[in-house]
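Enquirer: with the sequence up front, the predicted model follows.
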Amino acid sequence: MALLLLVGGVTWYWLPSMPTEAVMPSVPVGSALSVALTLVIAVTAANLFHQGYWQRVWAAETDRALGRGAVLGGISTFMVVMAIGGLGMLAAVHALPLGEPPIPFFALLSAAPAWLALPALVLAVTLVASSVDTLQNAIASMAVASSGRRGLSVRAARWATVILMVPVIWVALQGFSVLRLFLIADLLCAAIVVPVLLGLWRRMSPLAAVAGGLAGLLGAVLPGWVSQGSFTAGALAASFPDSIPTLAPFLGALLASSLVSLLIAWLYPGARAQEAAGRP
């Protein structure tokens, strides 16, 4: 937080004078609400699979401590996002070169003193590391917990996590749009989150879960397929080539996975539902 205040405050002070024709960035209300809903669905679906968060849930001392931590974490996250978003809007209003893909927060550095690049770099690394180390710990702990009594040791799980980071680093070095990668991963999560959560329902079966997940993937492609007339175009649209969050693939994935999972679970109930009904 201190680094964010330092970088934000200095860049704000060194901003050039605002152009006379400057206007606040604006988009149609419908488009803004569509993007907002898309991001809510995307982030929620992805975080439900975030083992780091579940690890924190089970590590909480009491339910009260869990609730207090959730509130404090939510407030601090909101403040950071609001600050960075506000600074990005300032960069756009002051007609600074935002880059391609746009990185408005870091565009502010072009008008700031050169020495600010070092704290900005530390801030960027800190923001990334705070998420990555949570994921790495979660991967290692999940590998140990899922392997049984005679499975992986903690040391082996940690080494496996390090090895998994090699392709991650390779992908990072290719210069792909980070937002596009996040959107693709979030869409995959949205396609299977409902079948997974329905596993808490006794009528749910592995067949219904797998069919629902496959239907979710098809549902993500379907809006672009219908609107552009080809499966390839639909698949390309579902990969967000312009790195712009679009609502149709997420809604298609959620609706298709939900409907297919519920239909198959109702027609072919799982073993738990059969046992509850007294059938063999």
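Expert: Ah, there it is.

Enquirer: helices of the protein, start to end?
Expert: Taking DSSP state H, the helices of the chain run over residues 2-13, 29-47, 51-59, 63-93, 104-107, 117-146, 154-172, 178-197, 206-228, 231-237, 247-267, 271-276.

Enquirer: what is the burial count for V80?
Expert: V80 is flanked by 13 other residues according to other Cβ atoms under 10 Å. All C-beta spots, glycine's among them, are computed from the backbone N, C-alpha and C.

Enquirer: quick one, phi/psi of L96?
Expert: The phi and psi values for L96, taken as degrees, to the nearest 10, are phi -80, psi 150.

Enquirer: correction: the previous question concerned P245.
Expert: phi -60, psi 120.

Enquirer: how close does it sit to F182?
Expert: Distance of P245 to F182, given as Cβ to Cβ, to the nearest Å: 9 Å.

Enquirer: quick one on the thing from earlier: output the helices of the chain in a markdown table; the columns should cover mean pLDDT.
Expert: Formatted as a markdown table, the helices of the chain follow (pLDDT from 0 to 100):
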| stretch | mean pLDDT |
| --- | --- |
| helix 2-13 | 73 |
| helix 29-47 | 88 |
| helix 51-59 | 82 |
| helix 63-93 | 84 |
| helix 104-107 | 74 |
| helix 117-146 | 81 |
| helix 154-172 | 87 |
| helix 178-197 | 91 |
| helix 206-228 | 93 |
| helix 231-237 | 91 |
| helix 247-267 | 93 |
| helix 271-276 | 65 |
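
Enquirer: coming back round to it: so what sits against both of P245 and F182?
Expert: Jointly contacting P245 and F182 under the rule Cβ atoms under 8 Å, 6 or more residues apart in numbering are A42.

Enquirer: neighbour-wise, which of the two wins?
Expert: Neighbours per residue, other Cβ under 10 Å: of P245 and F182, the larger number sits with P245, 21 against 17.

Enquirer: ok, the residue lying closest to that one once chain neighbours are set aside - contacts?
Expert: The shortest distance from P245 to any non-neighbouring residue, by Cβ to Cβ, 6 or more residues apart in numbering, is to T38 (4.2 Å). Listed by Cβ under 8 Å, 6+ apart, the contact set of T38 reads 245-247, 250.
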